[in-house]
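Asks: coords below, sequence missing:
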């Protein structure tokens, strides 16, 4: 029964892909190990041998050079890095007599041990992938030599790389950049969450397992970091991201539709005004608003001079006021971006849809809910997901406007701190990198779950070829 179901799924997938369907490669690792000749199987130990035998000398030497490079690295440096990665710790700084002189002997730096260990582990994973690629290449050369009388030459491979496999060539540098600048730091941060790397162990630290997760998710530790604090910050982060995303979207949509009306005079002027607000650096705007909303700032003084209030409004001293304030200020920052996005979409909605709806007697609300809004949501779903993710990690608005205040006595996070600003305080201000790494991991998990679920259930994902 399972085989039939799998075949049906495969047939549906092929029908969906249509002309874009590409059959799986027959040159797999399994086939190479099972059907490869003696030279292909010897390539398991001597990289490139199968290619050299089939007169692919350059390719074979490249594979062999990769093997030699890996072996030399592991003998000279990699083995020590792996051993230090497993043990961590190290020697403390000491002093003593060396060659008749009293000198200070520096100790080990566990951060470097951790970093070099992670890099070496990733290098080992890359080597395994290189090994698989080499064996598959040897088996492919064997099959093509038997079929065509010769294996592809170097020029044939170069021509294929710039033609049929041009996508792989163009994606190589971006993927390498992601691995080096995203995956490697992410793995380094994840490993840091299982160590004792805090303000008491800045130079030498060891593995502690899940102790840091226990600190974050339980209330048995100190009041600076606890499970209740984590839930409070997480809840406010999600609330902030929701309102900061969808209020900006709906207000921006409303203004864009007003500007786009045929009866609106001076459309270009209004769009230029909102575009100019985007050009103002957020850093400057947020610092100015931070000063204006202080108890002795311009806003409170102006209201007091008009007689509207007797005492300063607690923009940053009351938790509710502070949270509402950052959401409102963020509207001024985010709405112009939404206007620019929605304006381009509104101008691309087919006019005949509106004309047909009016002929059928639809009113403005029916036109909006049945044509305009579904079309905008269909196009902007990836943008909204990106915006939600950006708001979860919106460090600038929160930190520059409120610094996370109002603060809580004994706690490491304030009432307006997001996960990202809390992580900043834990690492930069308190040097508790291990706990900060746990917060970073949880931030990644929350964003990944929300983004994947939302996108996979959107029309943009389910119906990429058209408008629902």
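Replies: Looks like it came in fine. Remember, predicted model here, so these are calculated numbers, not experimental data.

Asks: Pull the number of nearby residues for residue 99.
Replies: Neighbours of residue 99 under the rule other C-beta atoms under 10 Å: 5. Backbone N, C-alpha and C define where each C-beta goes, glycine included.

Asks: Residue 127 now?
Replies: When neighbours are counted by other C-beta under 10 Å, residue 127 registers 18.

Asks: Let me know the secondary structure of the spatially closest residue to it that is not a sequence neighbour.
Replies: Nearest residue to residue 127, sequence neighbours excluded (C-beta to C-beta, 6 or more residues apart in numbering): residue 70, at 4.8 Å. Of the three states, residue 70 takes helix under DSSP: H, G, I helix; E, B strand; the rest coil.

Asks: Tell me which residues touch residue 70, please.
Replies: Applying C-beta atoms under 8 Å, 6 or more residues apart in numbering, we find residue 70 in contact with 123, 127, 130.

Asks: I'd say residue 62 and residue 56 touch.
Replies: No: under the criterion of C-beta atoms under 8 Å, residue 62 is not in contact with residue 56, lying 9.7 Å apart.

Asks: Which residue of the two possesses the greater neighbour count?
Replies: The neighbour comparison of residue 62 against residue 56 (other C-beta under 10 Å) goes to residue 56, with 26 against 15.

Asks: Identify the residues contacting the more buried one.
Replies: By C-beta under 8 Å, 6+ apart, the neighbours of residue 56 are 141, 151, 152, 153, 154.

Asks: I figured the second one hits residue 144, correct?
Replies: Read that as residue 151. Yes: with contact defined as C-beta under 8 Å, residue 151 reaches residue 144; the gap is 5.2 Å.

Asks: Which residue, neighbours along the chain excluded, lies closest to residue 169?
Replies: Nearest non-adjacent residue to residue 169, counting by C-beta to C-beta, 6+ apart: residue 161, 5.4 Å away.

Asks: Share the number of residues neighbouring that neighbour, please.
Replies: Neighbours of residue 161 under the rule other C-beta under 10 Å: 13.

Asks: And the residue nearest to residue 127, how far from residue 129?
Replies: Between residue 70 and residue 129 the computed distance is 12 Å (C-beta to C-beta, to the nearest Å).

Asks: before we move on, the earlier item: between residue 151 and residue 144, tell me which one has more neighbours.
Replies: More crowded of residue 151 and residue 144, by other C-beta under 10 Å: residue 151, with 24 against 16.

Asks: That one: what secondary structure?
Replies: Here residue 151 is recorded as coil under three-state DSSP.

Asks: ok so, going back, could you point out which of the contacts of residue 70 is nearest to residue 335?
Replies: Within these, distances to residue 335 taken as C-beta to C-beta reach their minimum at residue 123, with 47.1 Å.

Asks: what's the helix or strand for the closest one?
Replies: According to DSSP states H and E, residue 123 maps onto helix 110-148.

Asks: From the contact counts, what lies against that helix?
Replies: Judged by 3 or more C-beta pairs under 8 Å, 6 or more residues apart in numbering; DSSP states H and E, helix 110-148 is in contact with helix 29-35, helix 38-42, helix 49-53, helix 57-73, helix 79-87, helix 184-192.

Asks: Taking helix 184-192 as reference, get the angle to the fifth one.
Replies: Translated: helix 79-87. If you take axes from the mean of the first three to the mean of the last three C-alpha atoms, to 10 degrees, helix 79-87 sits at 40 degrees to helix 184-192.

Asks: Any chance you could list what contacts helix 79-87?
Replies: 90, 113, 114, 116, 117, 118, 119, 120, 121.

Asks: tell me the pLDDT at the closest residue to residue 325 other than its chain neighbours?
Replies: Counting by C-beta to C-beta, 6+ apart, residue 315 is the residue found nearest to residue 325 once chain neighbours are left out, at 5.0 Å. Residue 315 is assigned a pLDDT of 91 by the prediction.

Asks: let's have the chain start at 51 instead
Replies: From this message on, residue numbering opens at 51, which makes the last subject residue 365.

Asks: Now residue 365: phi and psi?
Replies: Main-chain torsions, residue 365, degrees, to the nearest 10: phi -60, psi -40.

Asks: Then residue 257?
Replies: Here is the backbone geometry of residue 257 (degrees, to the nearest 10): phi -70, psi 140.

Asks: hang on, it packs against residue 163?
Replies: No: in terms of C-beta under 8 Å, residue 257 does not count as a neighbour of residue 163; the distance is 11.3 Å.

Asks: can you list residues touching both of the two?
Replies: residue 138.

Asks: Those two: which has the busier surroundings?
Replies: Set residue 257 next to residue 163 and count neighbours by other C-beta under 10 Å: residue 163 wins out with 22 against 15.

Asks: residues touching that one, list them.
Replies: 131, 134, 135, 138, 140.

Asks: did I read that right, the last one in a strand?
Replies: No: using three-state DSSP, the assignment for residue 140 is coil, not a strand.

Asks: For it, give its distance to residue 255.
Replies: For residue 140, the distance to residue 255 (C-beta to C-beta) stands at 9 Å.

Asks: okay, those two: which has more neighbours?
Replies: Shown here are residue 140 and residue 255; by other C-beta under 10 Å, residue 255 has more neighbours (22 against 16).

Asks: The more buried one contacts residue 244, doesn't it?
Replies: No: counting by C-beta under 8 Å, residue 255 sits too far from residue 244 to count as a contact (10.5 Å).

Asks: neighbouring contacts of stretch 335-348?
Replies: With contact meaning C-beta under 8 Å, 6+ apart, stretch 335-348 is reached by 349-350, 362, 364-367, 375, 379, 382-383, 446-447, 450-452.

Asks: no, scratch that, I was asking about stretch 377-394
Replies: Under the criterion C-beta under 8 Å, 6+ apart, residues 290, 293-294, 297-299, 301-303, 305-307, 309-310, 321, 324-325, 327-328, 332, 335-336, 339, 426, 430, 433, 437, 441, 444, 447, 451 lie in contact with stretch 377-394.

Asks: Separate out the buried members of those.
Replies: 290, 293-294, 297-299, 302-303, 305-307, 309-310, 321, 324, 335-336, 339, 426, 430, 433, 437, 441, 444, 447, 451 (16 or more other C-beta atoms under 10 Å).

Asks: Which of the residues you listed fall in helices?
Replies: 290, 293-294, 297-299, 302-303, 305-307, 309-310, 321, 324, 335-336, 339, 426, 430, 433, 437, 441, 447, 451 (DSSP state H).
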